[in-house]
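>>> need a 3D model of the following:
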Amino acid sequence: MSDLAALRRRFSRRSLVDCFSEQVELAPDAIAVFDRTDTVTYSELGRAAFGLANDIVDRLGVGSEPVLVLMHQGLAAITATVAVLAAGKYYVPVDPGGPPGHTSAVIGAVEPRLIICEPAHAVLAATLGTAAVLVLDGFDSETSSDPPVGDVAPSDVAYIYFTSGSTGQPKGVVDTHANVLHNVFWYTSMLEFAPTDRMSLIQSPSVSGVVSTQFGALCNGAALCPIQFGPELPTRVASALEESEITTFHAVPALFRFLAEFGLGEIQSLRLVRLEGDRAASVDVSLLRREFGPEVTLANGLGATECGLVRQLLVSPGQSVPAGPLPVGYPVPDVEVAIVDPDGSPVPTGSQGEVVVRSEYLASGYWRNDELTDIKFEAEGANGRRYRTGDVG
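This is a model prediction of the structure:
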């Protein structure tokens, strides 16, 4: 069996809870989260998350439903999202510092019965409708060693990520355990995620780009190194990257450029920089080599919350790139990208059209919006589906 086939088998027909629990059993003393003040092992994270999951089930009962996670990035947010999944629920992450109108729109759309937050946001959570509030006051790793519910099905909903709503009403993208794990499979196979990795986690939990890092680490036995936004961000990031001995750094290109202008320091452990979520360019390759040296690989990825990663370009150490925007790269497993005209037919080579993604692993659709789901996610053939991105290519 090839390595690719073995990886596919490891991540297929399972849930995120299965894969995380497997790592807890395989390497209980390995570091799961390292955030400069707390070093948490897989067994400790498992006990804390499963204990919180029991609390969630005690409050809500058994059955799939949304749970709002109102948190900044950090150990508490990581614990909460794993706990919600282990309770057989699906999480809806919201940034406590985000626009009040966006938060209200998400609450109104989802109507959660439970909000999980930290003490600093308890007052805010209490004002958000009629949901009960569960405040995580500290990290409790002495509560439980087992998930509270039976098997979570791969087809179960894992989360709802809401768009910013900058161009209209926020819309919630619904996705399943199976789809998230397939995305983890892509990243693991192409970027060689391994237990020896320490992965930076900078963006807010409410940004869907964190999913590939969070579960790419927790499903491979690697360590997560969350870094919270705040005053003196460049200094904090630079020192955290060095102290945590980061091996993979993940950010949107604009954030990477901002941080690089202040200097990111010497990180001897770094092997990979992932830039996704916006257009990367040759200047990013130059900044990477100036900051980190010639031996670090750059991964430029193209994707969306609705379809996961669809193209990836790896710039190897020493490889030259043309000036200007970087190409989005080459195919990833089980995904086909086409350029089509308004009728949905392929356009001739060299012509412009809409970018359409075909895959078995597209998001389920938009939360309580069948009309938009039917427009953007089209049936194709007997069992196929395709996602109309709205982007021109």
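
>>> average pLDDT for stretch 171-191?
On average, the pLDDT along stretch 171-191 is 95.

>>> tell me how far that stretch lies from the chain's centre.
Chain-centre distance of stretch 171-191: 8 Å, with C-alpha atoms, centre = their mean, to the nearest Å.

>>> neighbouring contacts of stretch 314-328?
190, 279-282, 284-285, 294-302, 311-313, 329 (C-beta atoms under 8 Å, 6 or more residues apart in numbering). (Each C-beta comes from the backbone N, C-alpha and C, glycine too.)

>>> quick check: Ile280 vs Pro327, distance?
No Ile there; residue 280 is Ala. 10 Å (C-beta to C-beta, to the nearest Å).

>>> which residues are in contact with both of those two?
By C-beta under 8 Å, 6+ apart, the residues touching both Ala280 and Pro327 are Asn300.

>>> from the contact counts, what lies against the helix or strand harbouring Ala77?
Using DSSP states H and E, Ala77 sits within helix 75-86. Applying 3 or more C-beta pairs under 8 Å, 6 or more residues apart in numbering; DSSP states H and E, one finds that helix 75-86 contacts helix 16-26, helix 42-60, strand 66-70, strand 90-94, strand 114-117, helix 210-218, strand 223-226.

>>> and the contacts of that helix?
15-17, 20, 33, 35, 38, 40, 45, 48-53, 56, 67, 69, 71, 90-91, 93, 116, 118, 136, 139, 147-149, 152, 158-159, 177, 201, 205, 214, 218, 224, 226.

>>> picking that back up, now, the contacts of stretch 314-328 that are in helices?
Among these, DSSP state H puts 190, 282, 284-285 in helices.

>>> which of those tops the neighbour count?
Asp284 (22 neighbours; other C-beta atoms under 10 Å).

>>> so who does that residue touch?
253, 256-257, 275, 298, 300, 326 are the contacts of Asp284 under C-beta under 8 Å, 6+ apart.

>>> take those residues and write them to JSON lines, including neighbour count and distance to Gln319.
As requested, these are exported to JSON lines (neighbours: other C-beta atoms under 10 Å; distance: C-beta to C-beta, whole Å):
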{"residue": "Pro253", "neighbour count": "19", "distance to Gln319": "18"}
{"residue": "Phe256", "neighbour count": "24", "distance to Gln319": "18"}
{"residue": "Arg257", "neighbour count": "16", "distance to Gln319": "20"}
{"residue": "Leu275", "neighbour count": "27", "distance to Gln319": "15"}
{"residue": "Leu298", "neighbour count": "24", "distance to Gln319": "9"}
{"residue": "Asn300", "neighbour count": "25", "distance to Gln319": "12"}
{"residue": "Leu326", "neighbour count": "20", "distance to Gln319": "11"}
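
>>> and those residues, which is closest to Ser244?
Phe256 (17.0 Å; C-beta to C-beta).

>>> hang on, the closest one packs against Val283?
No: Phe256 lies out of contact with Val283 (C-beta atoms under 8 Å); the separation is 10.2 Å.

>>> OK, contacts around Ala194?
By C-beta under 8 Å, 6+ apart, the neighbours of Ala194 are 220-222.

>>> so for it, what pLDDT did the model give?
pLDDT, read off for Ala194, is 96.

>>> swap in Val210?
For Val210, pLDDT reads 95.

>>> likewise for Arg279?
Reported pLDDT for Arg279: 90.

>>> that one touches Pro253, doesn't it?
Yes: judged on C-beta under 8 Å, Arg279 makes contact with Pro253 at a distance of 6.6 Å.

>>> show me the shaky parts of the stretch 201-350 of the chain.
Residue ranges of the stretch 201-350 of the chain with pLDDT under 70: 229-232, 265.

>>> phi, psi of Asp156?
Main-chain torsions, Asp156, degrees, to the nearest 10: phi -70, psi 150.

>>> can you tell me which residues contact Glu276?
209, 250, 252, 300-303, 309.

>>> hmm, back to that, among the contacts of stretch 314-328, which lie within strands?
Of the contacts of stretch 314-328, the ones assigned to strands by DSSP state E are 297-302, 311-313.

>>> which among the residues you listed gets closest to Gly365?
Leu302 (21.2 Å).

>>> could you measure from that closest one over to Ala83?
Taken as C-beta to C-beta, the span from Leu302 to Ala83 is 32 Å.

>>> comparing the two, which shows the higher neighbour count?
Ala83 (29 against 24).

>>> if we ignore the residues flanking it in sequence, what's nearest that one?
In space, and not counting its chain neighbours, Ala83 is closest to Leu52: 3.7 Å by C-beta to C-beta, 6 or more residues apart in numbering.

>>> what's the neighbour count on that neighbour?
26.

>>> what do you get for Asp38?
Residues lying near Asp38 (other C-beta under 10 Å) number 12.

>>> grab the nearest non-local neighbour of it.
Spatially, and ignoring its direct neighbours in sequence, Asp38 is nearest to Leu75 (5.7 Å; C-beta to C-beta, 6+ apart).

>>> check that neighbour and give its pLDDT.
94.

>>> give me the distance between it and Gln228.
From Leu75 to Gln228 the distance is 10 Å (C-beta to C-beta).
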